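**Student:** Output the structure for:
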Amino acid sequence: MTDTQRPWPKVSRWRIAAPVILIVAALLAAGISATVNESSGTTTSTTSGGASASSSNAVPITYATAAKEGKIADYDWGPQCDHKTGRLKMPTAYAPPCVPVFKGENGGATSSGVTGNTINVVYYQAQPGGLASTISAAAGTPAQGLATAEAYADMFNHIFEMYGRHVNLIPFTASGPDGDPVSAHADAVTVAQQLHAFASINGPGLTNAYEVELARLHVLCLVCGDSSTYGQISQNAPYQWANLPPADTSVSETVDYIVAKLNGKPAIWAGDPSMHSQKRSFIVVSETSEPPLPGYAELQASTIKKLQAGHVNMASDTPLSYTLNLATLPSQAATVAEKLKASGATSVIFAADPIMPIYLTRACAAIGYHPEWIITGIVLTDVAALARYYDQSEWAHAFGVTSLAVPVPVANSDSYHLYRWWYGANTSPASLAAPAIIPPFQQLFTGIQLAGPDLTPQTFTTGLFRAPPTGGGPTTPLTAYGYQGAAPLPSYSSPADYTFLWYDATAKGPDEEGVEGTGLMSYVNGGHRYRSGVVPGGPVAMFSPAGAVHNYSAPPDRAPDYPPWPGAPAASSSG
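**Tutor:** Take a look at the predicted model:
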């Protein structure tokens with residue numbers, strides 16, 4: 001690489017596919033601020049034949065609940081309910097549970113942004129000309145991203161039970177840079193008070209001012225900052241929802257793995273052969289920011305506390321921290337590398353941003369320090385697309401946990417499959433970022449369907465908390481909310497499961513964005529996933545090709561196919 005001031009890929013290389021569209025945020029600063037929230041609600045109120053809006057806590061009965069109560073015949077489930085699965089006939093692992101066909105009045109303006117006919121939802125996009133929109137343009141222009149979002153919204157408006165309403169998607173462009181809290185706060189006020197939104201999809205990645213103010217104004221925020229701590233998330237409950245686990249959940253899964261499988265055993269996967277006979281000693285590398293982001297000091301402290309509680313052999317009880325400043329990362333990396341080597345640690349737990357390893361692994365290689373590198377899955381340190389820019393002699397000894405799915409080609413992704421099922425076999429979303437665009441729409445519409453006609457942030461939350469978990473396969477991470485997620489606390493984020501991986505520095509093929517090259521993530525046991533908080537009883541076959549996969553050409557866990565529904569463009573074109 002010749003451009004040492006810009007070690008990440010040039011914009012033209014980023015052909016975004018799969019969930020790794022979030023690399024955009026990683027390149028922006030990797031100190032992503034986020035929130036995800038806690039709350040609960042359980043009351044169900046229904047009447048025979050349809051859902052009722054008789055109380056503020058009323059939510060519709062689901063097919064599974066009716067079956068358990070022996071009341072399936074009491075309700076009209078409509079022609080598109082699959083009575084074998086209890087879910088709508090949609091070819092996706094994330095098909096929502098069936099609810100009764102709605103009959104009657106929906107209650108009108110049940111919440112801010114909700115009328116008897118519409119639900120205002122803002123679609124937030126980064127400011128044109130900024131780094132975020134520049135990088136995102138490689139996956140399609142903002143206009144293409146918006147067109148894809150509008151297509152999904154229109155499709156779901158026809159598919160889901162909307163109780164006489166439809167989502168009115170309102171495009172909104174940020175008024176300031178991604179990390180400016182002043183403009184983010186002002187934008188939130190505009191979204192809530194001028195655009196009268198019930199919810200916002202997306203928000204700025206480098207400040208939490210937007211989601212905090214929306215929560216204060218009682219507006220839902222979906223995908224408004226991922227990889228935050230659980231404590232940050234709880235402050236905004238029940239208004240903030242994320243599509244990545246909280247950072248402390250990812251770290252906790254890593255520590256559980258260390259305690260159960262690595263501690264007290266030789267560092268056999270270190271790059272330095274002399275470490276292979278040494279019992280592992282661990283050290284944590286973490287980040288700080290200017291100004292410090294809320295929650296990360298607590299995350300560092302809780303990580304060390306959990307390691308100590310597991311009697312993990314620590315080379316240092318104090319994390320080695322650096323400041324997230326792109327201009328000074330090279331010099332900071334040299335200092336951190338020297339401290340790592342002086343500590344004598346055999347195994348580095350890297351719980352920080354994905355840009356620092358570019359410099360840190362080079363600095364460690366330069367001084368002859370070759371430990372094990374343990375991946376925590378925080379902020380895309382678990383993707384080959386970035387790992388290819390790390391020193392390969394170092395990262396060839398990287399392994400750990402991830403919440404991401406095993407990659408599939410974007411054209412074979414669930415998002416494309418569902419789009420073509422509705423719009424026609426010869427169609428495609430306008431943006432290559434479709435796999436990242438669709439999840440919040442699935443979340444939004446599922447919450448609306450399960451909230452019932454009395455739509456409020458509280459009934460939306462109650463509905464999602466009652467939604468049966470979906471997914472859980474190697475390419476379809478588990479979606480589970482409330483107390484069905486990462487126990488014991490209620491979850492406002494997904495995935496609620498994880499898998500194990502290691503970096504194969506010699507493997508050739510497409511990375512998560514379809515870019516051909518050398519270096520791929522290798523997923524243990526075909527990418528088999530485990531519920532958060534659960535550690536497998538048997539061995540974890542790191543650095544063993546047997547049973548490992550780099551990707552799938554097509555999802556092995558794809559849902560059953562169904563014919564397009566009457567009224568779908570695909571049905572009209574085929575008929």
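
**Student:** all helices for the stretch 51-200 of the chain, in order.
**Tutor:** Using DSSP state H, counting those that start in this stretch, the helices of the stretch 51-200 of the chain run over residues 63-68, 131-136, 142-159, 181-189.

**Student:** Quick one: closest of the ones you listed to residue 358.
**Tutor:** Evaluated over the helices of the stretch 51-200 of the chain, closeness to residue 358 peaks at helix 131-136, with 16.3 Å, by CB to CB. No exception for glycine: its C-beta is placed from N, CA and C like everyone else's.

**Student:** Tell me where the model's unsure across this protein.
**Tutor:** Low-confidence segments of the chain (pLDDT under 70): 1-57, 129-139, 225-228, 289-296, 486-487, 574-575.

**Student:** quick one, longest strand in it?
**Tutor:** Secondary structure of the chain per DSSP state E: the longest strand is strand 497-510.

**Student:** where along the stretch 301-450 of the chain do the strands fall?
**Tutor:** Secondary structure of the stretch 301-450 of the chain (DSSP state E, counting those that start in this stretch): strands located at 320-323, 347-351, 372-375, 398-402.

**Student:** ugh, wrong one, I meant the stretch 1-150 of the chain
**Tutor:** Remark: strands assigned in the stretch 1-150 of the chain by DSSP E, counting those that start in this stretch are 46-47, 50-51, 81-82, 87-88, 118-125.

**Student:** okay if I get these as CSV plus distance to residue 259 and mean neighbour count?
**Tutor:** Below are those laid out as CSV (distance: least, CB to CB, whole Å; neighbours: other CB atoms under 10 Å):
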stretch, distance to residue 259, mean neighbour count
strand 46-47, 46, 19
strand 50-51, 47, 24
strand 81-82, 42, 18
strand 87-88, 38, 24
strand 118-125, 40, 22
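
**Student:** Just put the ones you listed in JSON lines and tack on distance to residue 408.
**Tutor:** Formatted as JSON lines, the strands of the stretch 1-150 of the chain follow (distance: least, CB to CB, whole Å):
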{"stretch": "strand 46-47", "distance to residue 408": "39"}
{"stretch": "strand 50-51", "distance to residue 408": "36"}
{"stretch": "strand 81-82", "distance to residue 408": "24"}
{"stretch": "strand 87-88", "distance to residue 408": "22"}
{"stretch": "strand 118-125", "distance to residue 408": "26"}
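
**Student:** coming back round to it: any chance of the strands of the stretch 301-450 of the chain in TSV, with distance to residue 259 too?
**Tutor:** Shown next, in TSV, are the strands of the stretch 301-450 of the chain (distance: least, CB to CB, whole Å):
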stretch	distance to residue 259
strand 320-323	21
strand 347-351	12
strand 372-375	12
strand 398-402	13
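
**Student:** so which of those strands gets nearest residue 196?
**Tutor:** Here strand 398-402 is closest among the strands of the stretch 301-450 of the chain (CB to CB), at 39.1 Å.

**Student:** The closest one packs against which elements?
**Tutor:** Packing contacts for strand 398-402, counted by 3 or more CB pairs under 8 Å, 6 or more residues apart in numbering; DSSP states H and E, involve helix 247-257, strand 372-375, strand 497-510.

**Student:** what's the first-to-last distance across stretch 520-539?
**Tutor:** One end of stretch 520-539 sits 22 Å from the other (CA to CA, to the nearest Å).

**Student:** make that stretch 352-360, sorry
**Tutor:** Note: stretch 352-360 ends 12 Å apart using CA to CA.

**Student:** Same check on stretch 311-330?
**Tutor:** Terminal residues of stretch 311-330 lie 33 Å apart, using CA to CA.

**Student:** Please, where are all the helices along the stretch 351-500 of the chain?
**Tutor:** With DSSP H, counting those that start in this stretch as the criterion, the stretch 351-500 of the chain has helices at 356-366, 384-387, 392-395, 414-423, 434-451, 457-466.

**Student:** hmm, who's touching the following helix or strand past the longest strand of the chain?
**Tutor:** Next helix or strand after strand 497-510 toward the C-terminus (DSSP states H and E): strand 516-523. For strand 516-523, contacts defined as CB atoms under 8 Å, 6 or more residues apart in numbering pick out 382-384, 387-388, 392, 395, 402, 406, 474, 499-512, 545, 548-551.

**Student:** 6 Å instead?
**Tutor:** With contact meaning CB atoms under 6 Å, 6 or more residues apart in numbering, strand 516-523 is reached by 384, 387-388, 406, 499, 501-502, 504-505, 507-510, 548-550.

**Student:** Please point out which parts of that strand sit buried.
**Tutor:** Buried residues in strand 516-523, counted by 16 or more other CB atoms under 10 Å: 519, 520, 521, 522, 523.

**Student:** Serialize the strands of the stretch 301-450 of the chain to CSV and add fields for mean neighbour count and distance to residue 313.
**Tutor:** What follows is the strands of the stretch 301-450 of the chain, written out as CSV (neighbours: other CB atoms under 10 Å; distance: least, CB to CB, whole Å):
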stretch, mean neighbour count, distance to residue 313
strand 320-323, 18, 17
strand 347-351, 26, 9
strand 372-375, 26, 13
strand 398-402, 25, 18
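
**Student:** Okay then, goodbye and thanks.
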